[in-house]
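[1] here is my input; please provide its structure:
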Amino acid sequence: MCLDFRDNTAGLGYNYCMPKAALEKLFSEPAVFLTGNRKNAGKTTVLNHLVRYANSKREAEHVSLFSIGWDGEGRDRIFENRKPEITVFQGMRFLTAEYALSRADFPYRILSGFSFRSNAGNYYLCQALAEGKIELIGPEANYQLDEVFSIIKESMPEGTVLIDGALDRISQMASRKAPGFVFIFSPLPGKTTEQMLADFRLQLSLFALPKAGLLSPGESEITGYSKGKVVLECGKNDPFTAESLELVYIKGALTRSLADKFPGGLELVVQDFTRIFLGPEIERRRISVLEQPVPLLFCYNPGLTGIGFQSIHKELLEMNSGFFPSVRLLDVMELEN
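    As a prediction, this is how the structure comes out:
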């Protein structure tokens, strides 16, 4: 469903089904993560759409691409569908490893290497000299991202870095201070419509958690008093008492068993939403985060569930507008047409 904007004059005969304002906002950000609620959610389809748009606007030289990790699969494990490749255009920068470069079908030049490597060989930042397709193989660990961003920004001081990064790999978004992100939601096979809508609502609840006002990023070892509030660092097995406490900082994961140890009115502070493992009760608890990425765009991909966007678009759009009235929700299937 093309909600706002269809640009048939962009060039290349490509049909752009994204709101113009959303695209302009997205490409004004220095770094944008594309994430999904599961593998094969449709991130590559959305990424290819974004890079085609950038190329049509003659902004290819101001776009860099890389991935978090590498799954090494040419087909998805569930349905055996061939995974779409990433298209790069002349002037675009991309990070990948030697294995992928050996299979590239277009000319490129190497701009820089990195201090770390993987089983796929050394990593290189490259620039495409012509249009082609490439497999992105990127760093696995958060600490490597600082070097990646530093080298990319030296090569491309202005522009946007698009990162293909799944939520289930590492807490990669926590390594950037308030980055923008695009979220692609795809229901799991076997889910009913009601279960799928509940899952989507849970994701929106996580993205909408407020930022903690008493703590700031970097104070991960704080214990004691902070601006008149009692702050206690605790883990699963740490002894603690919740009487008279107003705020508790949870170091590590917030699970249901840990949350149940605290009174419902107590504010629980977590580093970021990737460390929260709760169900619908998240909306009944006082939970805040130190770091909260900024949602720029939401996409829905029915996959092979048969629950198409058109059949539930009213429920999805109402739910989305209740949490994020300024963030658009699009149908991934329209981007493939």
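[2] quick check: which ranges of the stretch 51-200 of the chain have low pLDDT?
    71-84, 166-178 (pLDDT under 70).
[3] run the last query once more with 50
    Residue ranges of the stretch 51-200 of the chain with pLDDT under 50: 74-80, 168-170.
[4] what segments of it are helices?
    Ranges of helices in the stretch 51-200 of the chain, per DSSP state H, counting those that start in this stretch, are 98-101, 142-155, 193-207.
[5] could you export the last one as CSV, CA atoms only?
    Right, helix 193-207. Output of helix 193-207 as CSV, limited to C-alpha atoms (Å, rounded to 0.1, in the frame of the first residue of the first chain):
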residue,chain,number,x,y,z
THR,A,193,-4.0,-12.7,13.6
GLU,A,194,-4.6,-11.9,17.3
GLN,A,195,-1.2,-13.3,18.3
MET,A,196,0.5,-11.4,15.5
LEU,A,197,-1.1,-8.1,16.6
ALA,A,198,-0.1,-8.8,20.2
ASP,A,199,3.5,-9.4,19.1
PHE,A,200,3.5,-6.2,17.1
ARG,A,201,2.1,-4.2,20.1
LEU,A,202,4.9,-5.7,22.3
GLN,A,203,7.6,-4.5,19.9
LEU,A,204,6.1,-1.0,19.8
SER,A,205,5.9,-1.0,23.6
LEU,A,206,9.7,-1.7,23.8
PHE,A,207,10.5,1.1,21.3
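[6] which of the residues in that helix are buried?
    196-197, 199-207 (16 or more other CB atoms under 10 Å). For every residue, glycine as well, the C-beta is placed using N, CA and C.
[7] out of these, who's nearest N320?
    For the buried residues of helix 193-207, the minimum distance to N320 (CB to CB) is 6.8 Å, reached by L204.
[8] among the buried residues of helix 193-207, which one sits closest to G113?
    Nearest member of these to G113, counting by CB to CB, is F207, at 35.6 Å.
[9] show me the contacts for the closest residue in space to P280 that isn't next to it in sequence.
    Beyond its immediate neighbours in the sequence, the residue positioned closest to P280 (CB to CB, 6 or more residues apart in numbering) is L202, lying 6.4 Å away. Contact analysis of L202 by CB atoms under 8 Å, 6 or more residues apart in numbering lists 279-280, 282.
[10] which among the residues you listed count as buried?
    Among those, the ones that count as buried (16+ other CB under 10 Å) are I282.
[11] let's see which of the contacts of L202 end up in strands.
    Per DSSP state E, strands hold no members of the contacts of L202.
[12] how about the contacts of L202 in TSV, adding pLDDT?
    Shown next, in TSV, are the contacts of L202 (pLDDT from 0 to 100):
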residue	pLDDT
G279	92
P280	91
I282	92
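[13] and the contacts of L202, which is closest to L145?
    In terms of CB to CB, no member of the contacts of L202 lies closer to L145 than I282, at 27.2 Å.
[14] out of the contacts of L202, which is nearest to Q144?
    For the contacts of L202, the residue nearest Q144 by CB to CB is I282; the value is 30.7 Å.
[15] mind listing what's buried in the strand ranked longest in the chain?
    Taking DSSP E as the criterion, the chain has its longest strand at strand 108-118. Residues of strand 108-118 classed as buried by neighbour count (16+ other CB under 10 Å): 108, 111, 114, 118.
[16] picking up where we left off before, any chance of the helices of the stretch 51-200 of the chain in a markdown table, with distance to T255 too?
    Written out in a markdown table, the entries for those read as follows (distance: least, CB to CB, whole Å):
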| stretch | distance to T255 |
| --- | --- |
| helix 98-101 | 37 |
| helix 142-155 | 21 |
| helix 193-207 | 14 |
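[17] and of the ones you listed, who's closest to F323?
    Nearest of those (CB to CB): helix 193-207, 4.2 Å.
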